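Trainee: Okay, here's the prediction I keep looking at, along with the sequence it came from:
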Amino acid sequence: MPFELKATINLPKTAFPMKANLPQNEPKMLERWEQTGIYERIREARKGAPRYILHDGPPYTSGPIHLGTAMNKCLKDFIVKSKTMAGFDAPYVPGWDCHGLPIEIKVDKELGGKKLQMRPLDVRAECRKYAQKFLDLQRTQFKRIGVFGRFDRPYATMTPQYESVVLSTFFAFYEKGFVYKGLRAVYWCMHDETALAEAEVEYENHTSPTIWVKYALLDDPAAIDATLAGKKVSTIIYTTTPWTLPASMAVAFHPDEEYVALESGGEVYIVASKLAADVAAKCNLTDPRPLAHFPGRKMERLNFQHPFLDRTILGVLADYVTMDTGTGVVHTAPSHGAEDFITGMKYGLDATSNVDEKGILRNGLPEYNGQYVFKANPLIVELLRKRGALLHSDKLEHSYPHCWRCHNPVIFRATEQWFISMETPMPGGAGESDTLRTRTLEEIKNVKWDPAWGEERLSNMIQTRPDWCISRQRVWGVPIAVFLCEGCGKPLNDPVVNKKVVELFAKSGADAWFTPESDTILPAGTKCPHCGDARFEKETDIFDVWLESGASYLALMDDEPDYPWPSDLYLEGGDQYRGWFQSSLLCAMGTHATPPYKGVVTPGWTLDEKGQALSKSRGNDVDPVDISNRLGGEVVRLWVASVDFREDVVGSEALMLRVAENYRKIRNTFRYILGNVGDFSPQRDAVPFDQMEALDQYMLRQTCGFAADVRNAYEEFAFHKIYHRLNHFCIVDLSAFYFDVLKDRLYISAPKSQARRSAQTAVWRIGEALVRLLAPIMSFTCEEIWPYLPTVAARTQSVHLAQFPLTAEILGDAAIPTTDSKSDEEWVSLRAVRDEVLKALEEARNNKLIGTSLEAQVAITASDPVYSLLQRHAGELRYLFIVSAVTLAQGSGNGTGGVHVEVKKADGAKCERCWNYSTHVGEDKTYPTVCERCSAVLKELESQA
RNA sequence: GCAGGAUUAGCUCGAAGGUCGAGCCCGCGGUCGAUAACCGCGAGGCGUUGGUUCGAUUCCAACAUCCUGCACCA
């Protein structure tokens, strides 16, 4: 009985669904991974393999994740998974940064006025709850996008273990002499009597007096310019804060700007040239005559007279002096300005504040002493007028910092803070000049910065950064657990006591510092080594959160002692050059004298389609969790892989949709593979490489090239190259070329024929290679595909336990070379001819000569070497071009590449089975609608039936 | 203002001192045996201004725009 023809076609068949349903299926996959303990199983599988440590930078636990955080975690996941599949033991311990002001502020707002009556311990408990809530949320969200890691035991900066390491890191600095207590100008709210962080300052309008004040030069003016010899010379400063004049220690000039000496009314005034006219007008300098011009640097270290105090004022230089308002000369009070303070440090000026915590001026002249700063303003103006130092006064409405809570204007005030000195000589180092700063700069050179500009950027920052102020007057953080002498105020630094406090923290957490438990730490009889006093109190400041997160790898190693020092890689956004990269580096320098990382990678920022930074307030943010729920976490991952993360990247709904389209293409490529190997058993059916069809051999070599490119790209974290190479490979090489050509052979040949088995062998090996090469990025889909591929012995249960394919696995035999340049070049030529044929077919199609290409036969005219090449492949050309017949002629084809293609209607009739046209249709008596090729296949099938 | 980075097709990218190129998108068509698929053809571009060079989108310099961090007016 004859076969029904349609039933003899080997159409693809697979249970692997075309439609992914990612939002529904991914959570099921996550559950399976959770149940099987995929992360732990990977650890077991890689036990003893070379370690690769990507150390996670802790995100802040004050909200849900956004696209930037998602990208960050996906990139880390790509790296960890690709290292794992390259054979490394690459553990990943995610971390969270839990302390700090933003949470405290939010909790403040929730608590309202209640906070003022609460004990620090209770406020801390509220903050902890808040941080834990978002830690849990973010953990769920990171898992949702397919990130693998030690999520059940992450590191968190608020755990007792971590807090104890923060403290021991500080003590390492402290005991080695890096730490000092000193003054620093900070924002201060006189109403609330507290220091404020930048984030707690809001700018509002405020009316200030403006005054122009004369500072007389004490030194010989000839030193500036010979023409000034013997003259009475002064400079003029401008300020909006007269109350800071009692703290005036210096006058600052810009080193490179030009200044002018103006003579008027028998006196000489030095001001910036650019502002001279303005100053002369405001100060009523009649008939000003320029005597000399000179750069500001001439004024350095000259001495001036304070306008009303018995104090010598130093001429200093500062780059921040500007030429748009004032006089180009800036009165400098180190205790009352951030920049003034830095300049003061540089020139060794006194920064003692004579303004108390309530804003009252102390230790001053009777005219203003004991007055509140803003009340003192007019009094000081009057004093200046009396002393003949006031040249002009006015009022100015300008934006001025105010307290975010009470909305009163704030001031800068020098207060005592803890510092790590950048100028500390390194212990065991080469001497005084071998400091924390210089050694750090040296060590930066030993790190691999990616992109390379990171080295310069961080070096510039370390070069110019001030000493590290590590103290904060806050509640939610790790306390600087040091005992202070009640007699002289000096901090105790006893390694034995220090160790006991660290142990206390490890046991009971940093909260212990706020409980009586910590009072018992100090051994009885402890005396202050400075004054002998036996009474101590506990420091109430907490650490800068950057010191905390900077200690993260130290904390991780405390937990996992066999992790290597240093780690292999840190990966965070460019904002961390100021933050974590820097604080981690300094913490490592203080404890190990080497950096904590071998390499640092910096992704760019996430922007919208207009190049604006993504933010909730702008309303242009893209929520990765929302994308996961609607399009799939895999789409988020693929998007991350699609962009060059070293630059700023664009994220948008439209891009996600586009990536989702691409996903479907890749998925369909896999589906075709799976559909065509359904009846293929590698052990039984695989064809050895040397017996495969030339096209199949060629495609396996192409796959080797693809695999090599992909592995190289993983090596250099160039995921976007993988994404684009993958698309190209799937679309151009596989779908449009190989798989299209292969349909005839796979569908039409006898199922067990060598020709079909050869194709199946290649398709199967390609699938095996692809699924493993892509698993680090397409973690969900590759895991889904894994069990659908033909079973082979010794196969891991999860694709994530497998390793990248070796070329031997792709070709089936290690002895086969992965390239055959002669043959591969021939295939390049054949594909070029194919392109010409397709163009000619399209033309014929447009002329209504043919519809499907099988209705055509083509005649190709070519000259050598192409002609001989085609001649050698004459038998397979019709399949390569998917036409019914090909004839060759030698001659000078005048088409592209010396090839001319002519398309004609195919001879004969359409074979009902294979749709090719043949003049032999009708010859088979049993199957009169079939061509000679199908006739043979059907005979074979019948003999087997 | 300082430091660092970016600018190539509508989008995402690649390459290179010598007519730039890929995929997607878009337009047109084919197919109906990968079918919520598949195949073909086509259209479309190097931020601005100078310089080096036989030749510059590429190297150099300015400018513009955007991003990140720092500083921010005494």
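Mentor: Looks like it arrived, so ask away.

Trainee: Quick one: the strands in the stretch 1-150 of chain A, in order.
Mentor: A:54-55, A:95-96 (DSSP state E, counting those that start in this stretch).

Trainee: Among those, which comes closest to RNA strand B?
Mentor: Set against RNA strand B and scored by C-beta to the nearest atom of the strand, the strands of the stretch 1-150 of chain A come closest in strand A:95-96, at 19.5 Å. The C-beta positions use only the backbone N, C-alpha and C, and glycine is treated the same way.

Trainee: So in that sheet, which strands flank the closest one, and in what orientation?
Mentor: Under the criterion DSSP bridges, strand A:95-96 sits next to strand A:155-156 (parallel) in its sheet.

Trainee: coming back round to it: need the strands of the stretch 1-150 of chain A in CSV (columns: mean pLDDT).
Mentor: Below are these laid out as CSV (pLDDT from 0 to 100):
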stretch, mean pLDDT
strand A:54-55, 98
strand A:95-96, 97
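
Trainee: A:Asn303: which of those is closest?
Mentor: strand A:54-55 (53.0 Å; C-beta to C-beta).

Trainee: List the contacts of that closest one.
Mentor: The set of residues external to strand A:54-55 that reach it, using C-beta atoms under 8 Å, 6 or more residues apart in numbering, is A:76, A:79-80, A:83, A:90, A:92-93, A:552-553, A:556, A:567-571, A:596-597.

Trainee: and the residue in the stretch 351-500 of chain A that RNA strand B sits nearest to, how many neighbours?
Mentor: With C-beta to the nearest atom of the strand, the shortest gap between the stretch 351-500 of chain A and RNA strand B falls at A:Trp453, namely 3.6 Å. Per other C-beta atoms under 10 Å, the neighbour tally for A:Trp453 reads 11.

Trainee: got the residue ranges for the helices in the stretch 101-250 of chain A?
Mentor: A:101-111, A:120-144, A:160-175 (DSSP state H, counting those that start in this stretch).

Trainee: residues contacting the closest residue to RNA strand B within the stretch 51-200 of chain A?
Mentor: Residue of the stretch 51-200 of chain A nearest RNA strand B, by C-beta to the nearest atom of the strand: A:Glu198 (6.9 Å). Shown in contact with A:Glu198 (C-beta under 8 Å, 6+ apart): A:Tyr187.

Trainee: Tell me the gap between stretch A:397-417 and the middle of its chain.
Mentor: Stretch A:397-417 sits 34 Å away from the centroid of its parent chain (C-alpha atoms, centre = their mean, to the nearest Å).

Trainee: swap that for stretch A:346-360, please
Mentor: That offset, for stretch A:346-360, works out to 40 Å (C-alpha atoms, centre = their mean).

Trainee: Keeping just the C-alphas, turn that stretch into PDB.
Mentor: Extracted as PDB, the C-alpha positions of stretch A:346-360 are listed here (Å, rounded to 0.1, in the frame of the first residue of the first chain):
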ATOM      1  CA  LYS A 346      47.200  74.200  53.400                       C
ATOM      2  CA  TYR A 347      48.700  77.300  55.000                       C
ATOM      3  CA  GLY A 348      48.600  76.100  58.600                       C
ATOM      4  CA  LEU A 349      46.100  78.700  59.700                       C
ATOM      5  CA  ASP A 350      44.200  78.500  63.000                       C
ATOM      6  CA  ALA A 351      40.700  77.000  62.500                       C
ATOM      7  CA  THR A 352      39.500  77.300  66.000                       C
ATOM      8  CA  SER A 353      35.900  78.300  66.000                       C
ATOM      9  CA  ASN A 354      34.900  81.200  68.300                       C
ATOM     10  CA  VAL A 355      31.200  80.600  67.500                       C
ATOM     11  CA  ASP A 356      29.600  78.200  69.900                       C
ATOM     12  CA  GLU A 357      27.000  75.600  69.200                       C
ATOM     13  CA  LYS A 358      24.200  78.100  69.600                       C
ATOM     14  CA  GLY A 359      25.700  80.500  67.100                       C
ATOM     15  CA  ILE A 360      27.100  83.000  69.700                       C
END
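
Trainee: Now it: buried residues?
Mentor: A:347, A:349, A:351, A:353-355, A:359-360 (16 or more other C-beta atoms under 10 Å).

Trainee: out of those residues, which are inside helices?
Mentor: Under the assignment DSSP state H, the buried residues of stretch A:346-360 contribute A:Tyr347 to helices.

Trainee: any chance of the buried residues of stretch A:346-360 in a markdown table, plus pLDDT and distance to RNA strand B?
Mentor: Below are the buried residues of stretch A:346-360 laid out as a markdown table (pLDDT from 0 to 100; distance: C-beta to the nearest atom of the strand, whole Å):
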| residue | pLDDT | distance to RNA strand B |
| --- | --- | --- |
| A:Tyr347 | 85 | 16 |
| A:Leu349 | 87 | 15 |
| A:Ala351 | 85 | 15 |
| A:Ser353 | 84 | 16 |
| A:Asn354 | 87 | 17 |
| A:Val355 | 91 | 15 |
| A:Gly359 | 90 | 17 |
| A:Ile360 | 91 | 20 |
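
Trainee: Pull the most distant pair out of the buried residues of stretch A:346-360.
Mentor: Most distant of the buried residues of stretch A:346-360, by C-beta to C-beta, are A:Tyr347 and A:Ile360, 27.5 Å apart.

Trainee: thinking again about what came up before, can you give me the distance of the residue of the stretch 51-200 of chain A closest to RNA strand B to A:Arg472?
Mentor: Distance, A:Glu198 to A:Arg472, using C-beta to C-beta, to the nearest Å: 12 Å.

Trainee: contacting residues for A:Val165?
Mentor: A:551, A:554-555, A:558.

Trainee: Leaving out sequence neighbours, find the closest residue to it.
Mentor: A:Ala555 (4.0 Å; C-beta to C-beta, 6 or more residues apart in numbering).

Trainee: A:Gln138 now?
Mentor: Spatial nearest neighbour of A:Gln138, excluding adjacent residues (C-beta to C-beta, 6+ apart): A:Ile65 at 5.4 Å.

Trainee: neighbours of the one you found, just the number please.
Mentor: Counted with other C-beta under 10 Å, A:Ile65 comes out at 23.

Trainee: so who does A:Pro255 touch?
Mentor: A:Pro255 neighbours (C-beta under 8 Å, 6+ apart): A:295-297, A:300, A:317-319.

Trainee: er, A:Leu384 I mean
Mentor: Per C-beta under 8 Å, 6+ apart, neighbours of A:Leu384: A:211, A:213, A:242, A:245, A:307-308, A:390.

Trainee: restrict the contacts of strand A:54-55 to contacts with RNA strand B.
Mentor: Applying C-beta under 7 Å from any atom of the strand, the subset of those adjacent to RNA strand B is empty.

Trainee: about what we covered before: let me have the buried residues of stretch A:346-360 in a markdown table, adding distance to A:His55 as columns.
Mentor: Conversion of those to a markdown table gives the following (distance: C-beta to C-beta, whole Å):
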| residue | distance to A:His55 |
| --- | --- |
| A:Tyr347 | 41 |
| A:Leu349 | 41 |
| A:Ala351 | 38 |
| A:Ser353 | 41 |
| A:Asn354 | 47 |
| A:Val355 | 44 |
| A:Gly359 | 45 |
| A:Ile360 | 49 |
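
Trainee: Restricted to helices, list the contacts of A:Pro255.
Mentor: Short answer: these have none in helices (DSSP H).

Trainee: In ChimeraX, select just the buried ones from these.
Mentor: Buried subset of those, written as a ChimeraX selection, criterion 16+ other C-beta under 10 Å:
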select /A:296,317,318
